[in-house]
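S.K.: any chance you can model this:
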Amino acid sequence: MSKVYDRVALVGLGLIASSIFWASKRNDVSSYITGFARSKETRDTAKKIGLCDEVFDTVEEAVKDADLVILCVPVGAMEQVILEIAPFLKTGATISDVGSVKRAVIDAVEPHLPTHVKFVPAHPLAGTEHSGPESGFASLFDNRWCLLTDHGSADKQTQNKVMSFWKSLGANVEFMDADHHDLVLAVTSHAPHLIAYTMVGVADDLGKVTDSEVIKYSAAGFRDFTRIAASDPTMWRDVFLSNKEATLEILGRFTEELFDLQRAIRTGNGDKLLNYFSHTRSVRRGIIEAGQDTDVPNFGRNIEPDVD
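M.R.: Residues are numbered from 1 along each chain as shown. Below is the predicted model:
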């Protein structure tokens, strides 16, 4: 596989940046990858595990001479980062990102872009509940979607090159309007995360159930549904505040559906519950058929049975 970019800079060294590096090395996508993180502890960890060909102590050094600069920072930090790196970007460089919200990122980054660089917003729909430089792995993007936003800032050649980069990492790629992206992700990602955080909070606040009981007797439903509540709090704070309107719209629809089910339970309307559960089960099966999850028992966990 031929290299897509000669030199790539990763600003922020968490799960996504780490996985970009390992996938790039696995597939020989870039000749040289530099990295920077605000935290000295994160930089030291990255150096220790061999994350990036070179980790710099300043963001200016990291982005200098880079052909592609990927902003792998929380959405709320995008504007500050682009202000810091803008004077040091080389002519012809491409800026991209991995933010879970697109309209807010475009509004934060685009006004501060030098005229000699192009911007192609991106969002890889891949991740785990883990964060930090040690959490990344090369296969994270395999057969996952990466959504790019065409908002008129970059020419087709630049967009196609970013598309080739993500495809070379193993991802499927499509373009999507920024506002539509934010609405779709409010359904498929943002609202589910908020609900997961809320369920953990409900269990914690319920006086009749102790914390130790929640932990000790955590059944499969609670355990699997709330797994994503272990995700990075800073990132998700910024996502919800940056995608406020779409998230509130979806939460409103969710509340209506929940009230409808509540009424069916209260009135003993079993047919309503059965029809609803059957329909939503078929939607869930569609996710598996699309290759975005597995039908392996226990969600693919490799757990050895206890042997007495």
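S.K.: and residue 32, what does it touch?
M.R.: Contact analysis of residue 32 by CB atoms under 8 Å, 6 or more residues apart in numbering lists 6, 7, 8, 53, 54. Using the backbone N, CA and C atoms, a C-beta is placed for each residue, glycine as well.
S.K.: bridging residues for the last one?
M.R.: Residue 54 has these beta-bridge partners by DSSP bridges: residue 34.
S.K.: how about the contacts of residue 32 in a markdown table, adding distance to residue 259 and pLDDT?
M.R.: Listed next are these as a markdown table, based on distance: CB to CB, whole Å; pLDDT from 0 to 100:
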| residue | distance to residue 259 | pLDDT |
| --- | --- | --- |
| 6 | 56 | 97 |
| 7 | 54 | 98 |
| 8 | 49 | 98 |
| 53 | 54 | 97 |
| 54 | 55 | 97 |
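S.K.: write a ChimeraX command that selects only the buried members of those.
M.R.: Filtering these down to the buried ones (16 or more other CB atoms under 10 Å) takes a single ChimeraX command:
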select :7,8
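S.K.: from the contacts of residue 32, pick the one nearest residue 163.
M.R.: Residue 163 has its nearest neighbour among the contacts of residue 32 in residue 8, at 15.1 Å by CB to CB.
S.K.: okay if I get the contacts of residue 32 as a markdown table plus distance to residue 185?
M.R.: Shown next, in a markdown table, are the contacts of residue 32 (distance: CB to CB, whole Å):
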| residue | distance to residue 185 |
| --- | --- |
| 6 | 32 |
| 7 | 30 |
| 8 | 25 |
| 53 | 32 |
| 54 | 33 |
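S.K.: for the lengthiest helix in the chain, output the C-alpha coordinates as CSV.
M.R.: If you go by DSSP state H, the chain has its longest helix at helix 244-267. Taking C-alpha atoms only, helix 244-267 is exported to CSV below (Å, rounded to 0.1, in the frame of the first residue of the first chain):
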residue,chain,number,x,y,z
LYS,A,244,-27.1,20.9,22.4
GLU,A,245,-30.0,21.4,20.0
ALA,A,246,-29.8,18.0,18.3
THR,A,247,-29.3,16.2,21.6
LEU,A,248,-32.2,17.9,23.3
GLU,A,249,-34.4,17.1,20.2
ILE,A,250,-33.6,13.4,20.4
LEU,A,251,-34.0,13.3,24.2
GLY,A,252,-37.4,14.9,23.8
ARG,A,253,-38.4,12.1,21.4
PHE,A,254,-36.9,9.5,23.7
THR,A,255,-39.0,10.9,26.6
GLU,A,256,-42.1,10.6,24.5
GLU,A,257,-41.4,7.0,23.7
LEU,A,258,-40.5,6.3,27.3
PHE,A,259,-43.8,7.8,28.5
ASP,A,260,-45.7,5.7,25.9
LEU,A,261,-44.0,2.5,27.2
GLN,A,262,-44.7,3.6,30.8
ARG,A,263,-48.4,3.9,30.0
ALA,A,264,-48.4,0.4,28.4
ILE,A,265,-46.9,-1.1,31.5
ARG,A,266,-49.2,0.7,33.8
THR,A,267,-52.3,-0.3,31.9
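S.K.: that concludes my questions; thank you for your assistance.
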